[in-house]
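S.K.: For reference, the sequence and a predicted model appear below.
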Amino acid sequence: MLIFGMLFLTILLPAGLYSQPMVRKVVIDAGHGGKDPGAVGKNSKEKDIALAIALKTGHYIRQNLPDVEVIYTRKTDVFVELHKRAEIANKSKADLFISIHCNANKSPNPSGTETYVMGLHRSQANLEVAKLENAAILKEENYDDMYDGFDPNRDEDYITLNLFQNAYLESSLLLASLVQDQFRERAKLKDRGVWQAGFWVLYKTAMPGILIETGFISNLNDEKYLMSDNGQNYIASAIYRAFKEYKLMVESPENHAQMAIPVNKGSLKSDIRFRVQFASSSKEKTAGKFKDVENVMIYEHQGMFKYTSGDETSYLEAVRLQNELRRNKKYRDAFIIAFKDGVRIDVNEARKLSGQ
């Protein structure tokens, strides 16, 4: 996850939220389709799973949020070029873009969910995910002209994409973190985090957007879950609930005020803190044992010594820190915890109390 090198006196409400104070249109994009199967598992194809989850997600939104217009990039098994998917979103003047996919790996071992926003990849693994999804371009006629010579298999071409400054990065990060929260807490799916990478379809959409990898079609357990009606319902429900929470946060005036968060730590007065727990042990270790982690703090909980990094008033800052830690293989299971007046409390309760 990209960590910005400069901190201003406040982190303002994301620009996209100022220009789009109401969430009234959402584009749901089922990845791949038609002659492009996407990733292929032992018993399924990505295009079919993505479409099923996309339609279910749209159904939940329409059923429960009648003031929201749902627009699909495809509703059947047809091939839709990547540039046309972005055009659909831009021409409809949508407020959000949600692209649904399945992940894949050469190894059958990786499993779990990831959500991406547009940005600079920080690992070869993230770049490979972007390459996999961007490869749909190669199935289009005259793709050289349509994509200005961009080759999804050429590493250096991603530098051009990353020169694009996403004005909706903060909004996209917020939605992405809410999706992963729902996957982890409600659907009980493995949370692999929020990441950034160069996806063409996100690059070209003029609104907050995310790309969701709902699981690994190359993992037999994930594939079985993704193919099942029950699994698809849980995933679609999780995406819907994240969308609903995002919409409420954006449209609530009191939350608008809360989201201008001071980061000058010398003047912070909030009694709510978010930290990232990355290790625990039965015997106490000194903070110096973790030389590769900054701002280590130790607390006791349920008879164990637990180790955290960060001490943030902003939940989004904690999300960024969590993903920074997860890049280190030793801390892939790092997760966010919360404290009120020094006492650990439920993260969702902390977010409510802090208006986040």
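M.R.: Received the coordinates, thanks.
S.K.: pLDDT at Y60, what is it?
M.R.: Note for Y60: predicted pLDDT of 97.
S.K.: That one and I235 touch, don't they?
M.R.: No - with contact defined as Cβ atoms under 8 Å, Y60 does not reach I235; the gap is 10.7 Å. Quick note: C-beta positions are derived from backbone N, CA and C, even for glycine.
S.K.: what touches both of these two?
M.R.: Common neighbours of Y60 and I235, using Cβ atoms under 8 Å, 6 or more residues apart in numbering, do not exist here.
S.K.: higher neighbour count, these two?
M.R.: Neighbours were counted for Y60 and for I235 using other Cβ atoms under 10 Å; I235 has more, 27 against 19.
S.K.: Can you tell me how far that one is from A242?
M.R.: 11 Å (Cβ to Cβ, to the nearest Å).
S.K.: So what's the residue count around the residue lying closest to K244 once chain neighbours are set aside?
M.R.: In this structure, K244 finds its nearest non-sequential neighbour in L65, 6.5 Å apart by Cβ to Cβ, 6 or more residues apart in numbering. Applying other Cβ under 10 Å, we find 17 residues neighbouring L65.
S.K.: State the distance from L65 to A236.
M.R.: 14 Å.
S.K.: my read: K35 touches V80, true?
M.R.: No - using Cβ under 8 Å as the test, K35 is too far from V80 to be in contact (10.9 Å).
S.K.: Compare the two and say which is more crowded by neighbours.
M.R.: Neighbour count, other Cβ under 10 Å: between K35 and V80, V80 has more, with 21 against 12.
S.K.: Would you confirm that that one belongs to a strand?
M.R.: No - according to DSSP: H, G, I helix; E, B strand; the rest coil, V80 belongs to no strand; its state is coil.
S.K.: Report the contact partners of it.
M.R.: G33, G34, T73, R74.
S.K.: Can you read off the backbone torsions of it?
M.R.: V80 adopts backbone torsions of phi -120, psi 120, taken as degrees, to the nearest 10.
S.K.: per-residue pLDDT, it?
M.R.: Looking at V80, the pLDDT reads 93.
S.K.: From A52, how far off is it?
M.R.: 16 Å.
S.K.: same thing with L175?
M.R.: Counting by Cβ to Cβ, the gap from L175 to A52 is 21 Å.
S.K.: if you count what's nearby, which of those two comes out ahead?
M.R.: The residue with more neighbours, out of L175 and A52, is L175; 28 against 20, by other Cβ under 10 Å.
S.K.: Name the nearest residue to the more buried one, sequence neighbours excluded.
M.R.: Spatial nearest neighbour of L175, excluding adjacent residues (Cβ to Cβ, 6+ apart): Y246 at 4.9 Å.
S.K.: give me every residue that touches the one you found.
M.R.: V23, L96, L174, L175, L178.
S.K.: Inside helices: which ones of those?
M.R.: Judged by DSSP state H, the contacts of Y246 include L174, L175, L178 as members of helices.
S.K.: need those in JSON lines with distance to S111, can you?
M.R.: JSON lines is the format used below for the ones in helices among the contacts of Y246 (distance: Cβ to Cβ, whole Å):
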{"residue": "L174", "distance to S111": "26"}
{"residue": "L175", "distance to S111": "23"}
{"residue": "L178", "distance to S111": "21"}
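S.K.: and the nearest residue to V347 once chain neighbours are set aside, bridged to which residues?
M.R.: Leaving aside its chain neighbours, V347 sits nearest to A338 (4.7 Å; criterion: Cβ to Cβ, 6+ apart). Taking DSSP bridges as the rule, A338 bridges to F274, I345.
S.K.: Run a quick neighbour tally on A338.
M.R.: 22.
S.K.: Please, where are all the helices along the stretch 201-350 of the chain?
M.R.: Listed in chain order, the helices of the stretch 201-350 of the chain (DSSP state H, counting those that start in this stretch) span 220-227, 229-251, 253-258, 315-326, 347-353.
S.K.: residue at max distance from the center of the chain?
M.R.: Here the centre of the chain is the reference, and by Cα atoms, centre = their mean the most remote residue is K283, at 35.1 Å.
S.K.: dump the residue contacts of it.
M.R.: By Cβ under 8 Å, 6+ apart, the residues touching K283 are F305.
S.K.: do K47 as well
M.R.: For K47, the contact set (Cβ under 8 Å, 6+ apart) comprises A30, G31, H32, G33, G34, D36, P37, G38, D77.
S.K.: Name the nearest residue to it, ignoring sequence neighbours.
M.R.: Per Cβ to Cβ, 6+ apart, closest to K47 is H32, 4.0 Å.
S.K.: tell me the pLDDT at the one you found?
M.R.: For H32, pLDDT reads 94.
S.K.: tally of neighbours for it?
M.R.: Counted with other Cβ under 10 Å, H32 comes out at 26.
S.K.: gap between it and G58?
M.R.: Applying Cβ to Cβ to H32 and G58 gives a distance of 17 Å.
S.K.: do the same with E312
M.R.: 34 Å.
S.K.: Please consider this matter closed, and thank you.
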